[in-house]
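**Q** Got a sequence here, can you build the structure:
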Amino acid sequence: MTKPFTCSIKRIRFDENYEPANNTRLTTNFANLARGESRQENLRRTLAMINNRFNSLASCDNPKGDRYSLEIDIISAEIDIEGNGKTFPFIEMLKSTITDHQTNERIEGMIGNSFSSYVRDYDFSVVLPALGCKVNEKPESFGDLHGKLYQHLVSSAVFQAEFQKQPVICLSVSTTKTYYRTTNVHPVLGTEYKNDEYSRTDDYFEKMGLTVRYFKPENSNAPLAFYFSGDLLHDYTDFELISAISTMESFQKIYRPEIYNTNSPAGEVYQPSLNYQDYSLTQVVYDRVERGQLAVKQGKWTEENFIKPYQDILEQWAAKFVPLHAANQERVA
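**A** Residues are numbered from 1 along each chain as shown. Model (predicted):
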């Protein structure tokens, strides 16, 4: 018997031979790419996009643009609610490792990047529709349980034994908000953008103890949303930041070309839109319609297999939970 709410972590390599595990959320970017007739070509092209983008940003002493490549591991975290050995697949993230082919050195990349969660599917695809919430409307307690479960994971001895730093999660900016370019420019992250108020996703990640900042890296078409605890600009190396940009910008070009693969970059005032027509498609096959349908199915599956069976236990645990690490809850001024 293990203790209740014990976390465990598994790794699987994301490469051209990757096949999704049985308990992987099929809406996950990397799982969507790894199915169908084009699966292996999809994976090769995606990895090439990531490596090319990394080398374009890590250009010092890299005249041919081929000095570095990334190895990417899918980190699957599971949680045993009752301590009886029955685990629930909770969160998936990505961890990159950089290979310097000139020195044969292996360098730590970012932990976090993509973020996949069954409970998040439940919150957005089951809870909000059931309450009839409109765009950006949400109940006051929305995301409370998910936020505490996430903080429990990243504060656990199991997670901290595997990873030396807290995750940085990199997502698309919200299509419901307007972003304003600032004069603040970071040498790696690029030009910072700000908005007037949090989106519903920003609020959701704040419940996880994460602050958000928006940066448009050099030669990117739109800002990315970086969710982090601590200090994004000082806690991570340039290579860690570049690995996050190259990985997630590549996924976003495939998944949201209307925002990240447009034929013109974001201006001083930027309103992202999936109805924008002036964009180019990548050569990677991605099924966005299926992704939306699966989110609902996976949310309902979570309700039946996690929320309902453990509801009383989860509520009692959440009521007593105190974050084990100091999270930066204040928005950067």
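**Q** Who is residue 172 paired with across the strands?
**A** In this structure, residue 172 bridges to residue 224 when assessed by DSSP bridges.
**Q** show me the contacts for it.
**A** Residues counted as contacts of residue 172 (CB atoms under 8 Å, 6 or more residues apart in numbering) are 224, 225, 252, 255, 256, 259, 260, 272. The C-beta positions use only the backbone N, C-alpha and C, and glycine is treated the same way.
**Q** and the gap between the residue most central in space within the chain and residue 151?
**A** For the chain, residue 114 is the residue whose C-alpha lies nearest the centre (CA atoms, centre = their mean; 2.5 Å). As for residue 114, its distance to residue 151 is 19 Å (criterion: CB to CB, to the nearest Å).
**Q** cool, residue 119 as well?
**A** Distance from residue 119 to residue 151, by CB to CB: 13 Å.
**Q** Just confirm residue 176 is within a strand.
**A** No. Going by DSSP: H, G, I helix; E, B strand; the rest coil, the assignment for residue 176 is coil, not a strand.
**Q** Among the contacts of residue 172, which are located in helices?
**A** If you go by DSSP state H, those have 252, 255, 259, 260 in helices.
**Q** Considering the residues you listed, which possesses the most neighbours?
**A** residue 260 (25 neighbours; other CB atoms under 10 Å).
**Q** For it, report the pLDDT, please.
**A** The model reports residue 260 with a pLDDT of 95.
**Q** check contacts around it.
**A** Each residue near residue 260 by CB under 8 Å, 6+ apart is listed here: 172, 220, 221, 222, 249, 252, 253.
**Q** Skipping its backbone neighbours, what lies nearest it in space?
**A** Spatial nearest neighbour of residue 260, excluding adjacent residues (CB to CB, 6 or more residues apart in numbering): residue 252 at 4.1 Å.
**Q** would you list every one of the strands in the stretch 201-333 of the chain?
**A** Under the criterion DSSP state E, counting those that start in this stretch, strands of the stretch 201-333 of the chain are mapped to 211-216, 224-228, 269-270.
**Q** Check those for me and report the most buried one.
**A** strand 224-228 (a mean of 24; mean count of other CB atoms under 10 Å).
**Q** Quick one: mean pLDDT for that strand?
**A** Strand 224-228 comes out at a mean pLDDT of 97.
**Q** just checking, what packs against that strand?
**A** On a contact count with 3 or more CB pairs under 8 Å, 6 or more residues apart in numbering; DSSP states H and E, strand 224-228 meets strand 168-172, helix 200-206, strand 211-216, helix 238-255.
**Q** Now those in JSON lines, please, with extra columns for mean pLDDT.
**A** Shown next, in JSON lines, are the helices and strands packed on strand 224-228 (pLDDT from 0 to 100):
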{"stretch": "strand 168-172", "mean pLDDT": "96"}
{"stretch": "helix 200-206", "mean pLDDT": "92"}
{"stretch": "strand 211-216", "mean pLDDT": "97"}
{"stretch": "helix 238-255", "mean pLDDT": "95"}
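**Q** Using a markdown table, lay out the ones you listed together with distance to residue 310.
**A** A markdown table is the format used below for the helices and strands packed on strand 224-228 (distance: least, CB to CB, whole Å):
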| stretch | distance to residue 310 |
| --- | --- |
| strand 168-172 | 25 |
| helix 200-206 | 21 |
| strand 211-216 | 30 |
| helix 238-255 | 32 |
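**Q** which one of these is the most hemmed in?
**A** Most buried among the helices and strands packed on strand 224-228, counting by mean count of other CB under 10 Å: helix 238-255, with a mean of 24.
**Q** Wait, a helix at the residue nearest to the centre of the chain?
**A** No. According to three-state DSSP, the state of residue 114 is strand, so it is not within a helix.
**Q** does it really touch residue 91, like I thought?
**A** No. Contact between residue 114 and residue 91 fails when scored by CB atoms under 8 Å: they sit 10.5 Å apart.
**Q** So which residues of the stretch 1-150 of the chain form strands?
**A** With DSSP E, counting those that start in this stretch as the criterion, the stretch 1-150 of the chain has strands spanning 6-14, 68-80, 88-100, 105-117.
**Q** And the second one, what does it pack against?
**A** Taking 3+ CB pairs under 8 Å, 6+ apart as the contact definition, the neighbouring helices and strands of strand 68-80 are strand 6-14, helix 39-57, strand 88-100, helix 144-155, helix 238-255.
**Q** Same question for the third one.
**A** Packing contacts for strand 88-100, counted by 3+ CB pairs under 8 Å, 6+ apart, involve strand 6-14, strand 68-80, strand 105-117, helix 118-122, helix 144-155, helix 238-255.
**Q** How far away from the center of its chain is that strand?
**A** Averaging C-alpha positions (CA atoms, centre = their mean, to the nearest Å) puts strand 88-100 10 Å from its chain's average.
**Q** now do the first one
**A** Chain-centre distance of strand 6-14: 16 Å, with CA atoms, centre = their mean.
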